[in-house]
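A.B. asks: Below are the sequence and a predicted model; questions follow.
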Amino acid sequence: MKKSKFLLALTTIVAASFVGCSAAGGPMLEHFVYNFSDPQQNAVMNAIGDLYETSGVAYNFNDSEGKQNVQNDQIDNAIQKGATILVVGMADISSSQTVVNKAKNADIPILFYNQQPHKDAIDSYQNCWFVGSDSRGGGLMQGEIAATTILKDYDKYDKNGNGTIEYVMIRSDLSHPEANGRTEASVTRTNELFTAAGKPNIVQLGTDFLADDWSTNKGKDAMDTFLAANPVTDKSGVELVFCNNDGIAIGAMKSLQAVGWNNDASKAIPIIGVDATAEAQTYIDAGQMLASAGQDPNTIATYVSTLAFNIMNGKEPLAGTNYTFEPNSKNLFFPYTPYPANILD
């Protein structure tokens, strides 16, 4: 599938390209994307598609539209068509055991990516693996970014001069492992580094604000709600904003812009996202957001496709690599990288 076709396929349920062998004549890879309209997932899909094209493997991309019932139907259809491997970015991680059972009953290997299923689900089937990010990894890097930046000029970021940094947390789905991991780890890691530097823990303003679909619109709504009750000035108000992904972070930025902040670096509350999407990078470069804990689409594509090709060819998943599974698991984690790249220097 060429990149131009990806853009045309955004509104379809299934985008398909048959390259090399046919499903009847050779291996057939069925790949399920959480949602084509998610910028990060679309970037990953394009990168993986390039590697599938180069390999000559026969494959389909399926758009699950963020709906588990759609994904379940697509998986059933793929199995009926004779898929030889399922590569699955779950629409709803709570349904992972159901999806594993579908693959197990059909005796088809399954490789999860993006969202990490519970260990029990993965371990329930011999030919089941996960490649992706540690659920806490993005949050840990957010904490590194926050602490490294603020400790360089603590008084600047402590706008009200009370000796502590006040933050807002905008998170996504309450049942999502990565949302939970990022929410907890960003604060924990910031506090660890502040403690080591002799500074007090950061203080949360309000409770966690919810942007449950990871979107810019919900991120803006959440920040609007906070700002309506907590105006920000040069000497008071929020001093740091953590967001579970870049979509939410962009929404928070737009909310602050509406009240005169974050139009450039000269008057900006630090906002830290996750994913380092192309859109977020433009705002970071303009000084409108501070940074993002990046997941490089090309890195993800390399990890996912390498394991998928090995599995399709009857090899051990990590054959020919220097990758290692996490101890006592079938989970392979890839690294986060900060954007900008030098922000942790």
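C.D. replies: Sure thing, it's come through. Residues are numbered from 1 along each chain as shown.

A.B. asks: Flag the shaky bits of the stretch 1-150 of the chain, pLDDT-wise.
C.D. replies: Low-confidence segments of the stretch 1-150 of the chain (pLDDT under 70): 1-26.

A.B. asks: Which parts of it are helices?
C.D. replies: 3-8, 39-55, 68-81, 96-106, 119-123, 137-152 (DSSP state H, counting those that start in this stretch).

A.B. asks: Could you identify which of the ones you listed is most buried?
C.D. replies: helix 137-152 (a mean of 23; mean count of other CB atoms under 10 Å). All C-beta spots, glycine's among them, are computed from the backbone N, C-alpha and C.

A.B. asks: on contacts alone, who are the packing partners of that one?
C.D. replies: If you count contacts as 3 or more CB pairs under 8 Å, 6 or more residues apart in numbering; DSSP states H and E, helix 137-152 packs onto helix 177-196, strand 240-243, strand 271-275, strand 291-294, strand 337-339.

A.B. asks: As a markdown table, those with distance to Ile108 would be great.
C.D. replies: Below are the helices and strands packed on helix 137-152 laid out as a markdown table (distance: least, CB to CB, whole Å):
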| stretch | distance to Ile108 |
| --- | --- |
| helix 177-196 | 24 |
| strand 240-243 | 37 |
| strand 271-275 | 30 |
| strand 291-294 | 33 |
| strand 337-339 | 33 |
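
A.B. asks: Using a markdown table, please lay out those together with mean pLDDT, distance to Ala229 and mean neighbour count.
C.D. replies: Listed next are the helices and strands packed on helix 137-152 as a markdown table, based on pLDDT from 0 to 100; distance: least, CB to CB, whole Å; neighbours: other CB atoms under 10 Å:
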| stretch | mean pLDDT | distance to Ala229 | mean neighbour count |
| --- | --- | --- | --- |
| helix 177-196 | 96 | 21 | 20 |
| strand 240-243 | 98 | 15 | 29 |
| strand 271-275 | 97 | 19 | 32 |
| strand 291-294 | 96 | 27 | 27 |
| strand 337-339 | 95 | 32 | 19 |
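
A.B. asks: now Ala58: how far from Asp73?
C.D. replies: 21 Å (CB to CB, to the nearest Å).

A.B. asks: any idea how far the residue positioned nearest the centre of the chain is from Gly132?
C.D. replies: The chain has Asp275 as the residue nearest its centroid, 5.6 Å off, counting by CA atoms, centre = their mean. Asp275 sits 13 Å away from Gly132, going by CB to CB.

A.B. asks: what's the answer for Ala276, then?
C.D. replies: 16 Å.

A.B. asks: likewise Thr188?
C.D. replies: For Thr188, the distance to Gly132 - CB to CB - is 21 Å.

A.B. asks: again with Glu192
C.D. replies: Distance from Glu192 to Gly132, by CB to CB: 24 Å.

A.B. asks: List the buried residues of the host helix or strand of Ile284.
C.D. replies: Taking DSSP states H and E as the criterion, Ile284 maps to helix 278-285. Under the neighbour-count criterion of 16 or more other CB atoms under 10 Å, helix 278-285 has Ala280, Gln281, Tyr283, Ile284 buried.

A.B. asks: Pro327: which of these is nearest?
C.D. replies: Ala280 (32.9 Å; CB to CB).

A.B. asks: For the closest one, give me the pLDDT.
C.D. replies: pLDDT recorded at Ala280 is 97.

A.B. asks: quick one: contacts for the nearest residue to it once chain neighbours are set aside?
C.D. replies: Leaving out its chain neighbours, the residue that sits closest to Ala280 by CB to CB, 6 or more residues apart in numbering is Asp246, at 3.8 Å. Going by CB atoms under 8 Å, 6 or more residues apart in numbering, Asp246 touches Pro39, Gln40, Gly273, Val274, Asp275, Ala276, Thr277, Glu279, Ala280, Ser292.

A.B. asks: Save those as CSV, and put in distance to Asn298 too.
C.D. replies: What follows is those, written out as CSV (distance: CB to CB, whole Å):
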residue, distance to Asn298
Pro39, 15
Gln40, 13
Gly273, 19
Val274, 17
Asp275, 14
Ala276, 12
Thr277, 14
Glu279, 17
Ala280, 17
Ser292, 16
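
A.B. asks: and which of the residues you listed is nearest to Gln115?
C.D. replies: Gln40 (12.2 Å).

A.B. asks: contacting residues around the closest residue to the closest one other than its chain neighbours?
C.D. replies: Excluding its sequence neighbours, the residue lying closest to Gln40 (CB to CB, 6+ apart) is Asp275, at 4.5 Å. By CB under 8 Å, 6+ apart, the contact set of Asp275 is Pro39, Gln40, Gly138, Asn245, Asp246, Ser292, Ala293, Gly294, Gln295.

A.B. asks: Can you tell me which of those residues is nearest Tyr113?
C.D. replies: Using CB to CB, the contacts of Asp275 come closest to Tyr113 at Gln295, 11.0 Å.

A.B. asks: Would you mind confirming that that closest one is in contact with Pro39?
C.D. replies: No. Counting by CB atoms under 8 Å, Gln295 stays clear of Pro39, with 11.6 Å between them.

A.B. asks: Ignoring the adjacent residues along the chain, who's closest to Val131?
C.D. replies: Leu332 (4.5 Å).

A.B. asks: hang on, I meant Pro109
C.D. replies: Asn127 (3.9 Å).
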